[in-house]
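Peer 1: return a 3D structure for these sequence lines:
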Amino acid sequence: MSKRVFFVSDLHGSEKCFRKFINAAKFYKADTLILGGDITGKVLVPIVEKNDGTFSLSLFGKETTVPRDSLGEYQKMLRDAGQYCFIATEAQMTELTADKTKVEKIFCERMLSVLSGWVSLASERLRGTEVKCYISPGNDDRFEIDGILKDDGPTVINPENRVVEIGDYEMITLGFANPTPWRSPREVPDDALGQMIESLAGQLEDPGRSIFNLHVPPHGTEIDRAPAVDEEFRYVKQGVGAVKMISAGSAAVRSSIEKHQPLVGLHGHIHESKGFVKIGRTLCLNPGSEYSDGILRGALLNLEGARVKEFLLTSG
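Peer 2: Presented below is the predicted three-dimensional model:
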């Protein structure tokens, strides 16, 4: 049985990108959708209601005053770029500034509400079709989402940390990462990551016909190149104005691919490293990410028998 797979990663809360992802099943005639981690956003933007009836907010780093009748338009801009937002009075903002735990609570509420809406949207749009939609967390996603990111009927499936069957193929999924400078929620030492992968790979009946849906790309490849940052998260310069690039992927991921030689490796994590590479017989893909611009980068694959018949990196 052949399968037509559309894979994306690192949407980071972008409403526009998620809706494009769901619509991609029809657009690309895909029977399998896979969202490989880093689903949720990172930024919470307060929209402050002023006494004169206008609103002020920081729009992509620029302070902006918005009339009431344009508020919805600006909220949409923020959501399409992956940013959560909430409305508060000036008095409420003073209170929130003094108590960061309340800000954290609002962030979590918005994050969970948006994700719950996404799961419902996917179920609704794909109901009555043959399309399966696999959505799993990545290293940036908090553990609070796990209660929402669960199997929702026969259509929306969380494949994290298990083996699932996709037609005649098996897929293992793991959203954890080797350590990063940002100390994200789902990070483990690289040797521990390798043990987690081996535990899953050991359950496969035929690794050569499997999909390794591993959020982190293999180390030392063209799909794991990221800008180096210092202790204050500033880019490290190299030469005249150039940013130093390093391999930020996982040696354990690479080792597991070299050992088991799956049919394909689906990766993300490093937004700047769109591309593909062969490790032995295994095709490894990273579609990259431009979520903040509302651009959906993806990888479309036709799987036929024990081979990837064809693939295409997409953008739209």
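Peer 1: tell me the contacts of the residue lying closest to Thr180 once chain neighbours are set aside?
Peer 2: Setting aside the residues directly before and after it, Thr180 is nearest to Glu187 in space (Cβ to Cβ, 6 or more residues apart in numbering), at 6.3 Å. C-beta: built from backbone N, CA, C; applies to glycine. Glu187 makes contacts with 139, 176-180, as judged by Cβ atoms under 8 Å, 6 or more residues apart in numbering.
Peer 1: likewise Trp182?
Peer 2: Counting by Cβ under 8 Å, 6+ apart, Trp182 has contacts 140, 233.
Peer 1: same question for Val48.
Peer 2: Residues near Val48 by Cβ under 8 Å, 6+ apart: 55-57, 87-90, 93.
Peer 1: any idea how far Cys85 is from it?
Peer 2: Taking Cβ to Cβ, to the nearest Å as the measure, Val48 falls 11 Å from Cys85.
Peer 1: likewise for Pro227?
Peer 2: Separation of Pro227 from Cys85 (Cβ to Cβ): 28 Å.
Peer 1: Thr129 too?
Peer 2: Taken as Cβ to Cβ, the span from Thr129 to Cys85 is 32 Å.
Peer 1: with neighbour numbers in mind, choose between the two.
Peer 2: Cys85 (19 against 12; other Cβ atoms under 10 Å).
Peer 1: report the beta-bridge partners for that one.
Peer 2: Val45 (DSSP bridges).
Peer 1: which among the contacts of Glu187 count as buried?
Peer 2: Buried members of those, scored by 16 or more other Cβ atoms under 10 Å, are 139, 176-178.
Peer 1: quick one: Trp118 and Phe18 touch, right?
Peer 2: Yes - using Cβ atoms under 8 Å, Trp118 is in contact with Phe18, at 5.5 Å.
Peer 1: where does Gln92 fall, secondary structure wise?
Peer 2: Assigned by DSSP states H and E, Gln92 falls within helix 90-98.
Peer 1: give me the buried positions along that helix.
Peer 2: Those would be Leu96, for helix 90-98 by 16+ other Cβ under 10 Å.
Peer 1: now do the same contact list for Ser56.
Peer 2: 47-48, 50, 63-66.
Peer 1: ok, back up a step: would CSV of the contacts of Glu187 with pLDDT, secondary structure and distance to His271 be doable?
Peer 2: Below are the contacts of Glu187 laid out as CSV (pLDDT from 0 to 100; DSSP: H, G, I helix; E, B strand; the rest coil; distance: Cβ to Cβ, whole Å):
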residue, pLDDT, secondary structure, distance to His271
Asn139, 99, coil, 13
Phe176, 99, coil, 18
Ala177, 99, strand, 13
Asn178, 98, coil, 17
Pro179, 98, coil, 18
Thr180, 97, coil, 13
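Peer 1: what's the closest of those residues to Lys102?
Peer 2: Among these, Asn139 lies closest to Lys102 (Cβ to Cβ), at 26.4 Å.
Peer 1: for Val164, see how far away the closest one is.
Peer 2: With distances taken as Cβ to Cβ, Asn139 is found 20 Å from Val164.
Peer 1: which parts of the stretch 101-250 of the chain are strands?
Peer 2: Here the stretch 101-250 of the chain has its strands, by DSSP state E, counting those that start in this stretch, at 132-136, 156-157, 163-166, 169-174, 210-214, 225-227, 237-238, 242-243, 245-247.
Peer 1: quick check: mean pLDDT of the longest one?
Peer 2: If I follow you right, that is strand 169-174. Mean pLDDT, computed over strand 169-174, is 99.
Peer 1: flag every buried residue along that strand.
Peer 2: Of the residues in strand 169-174, 169-174 count as buried by neighbour count, 16+ other Cβ under 10 Å.
Peer 1: direction included, what does the one helix or strand in the chain whose mean pLDDT sits lowest pair against?
Peer 2: Lowest on mean pLDDT, DSSP states H and E among the helices and strands of the chain sits strand 237-238, with a mean of 90. Applying DSSP bridges to the sheet, strand 237-238 is found paired with strand 242-243 (antiparallel).
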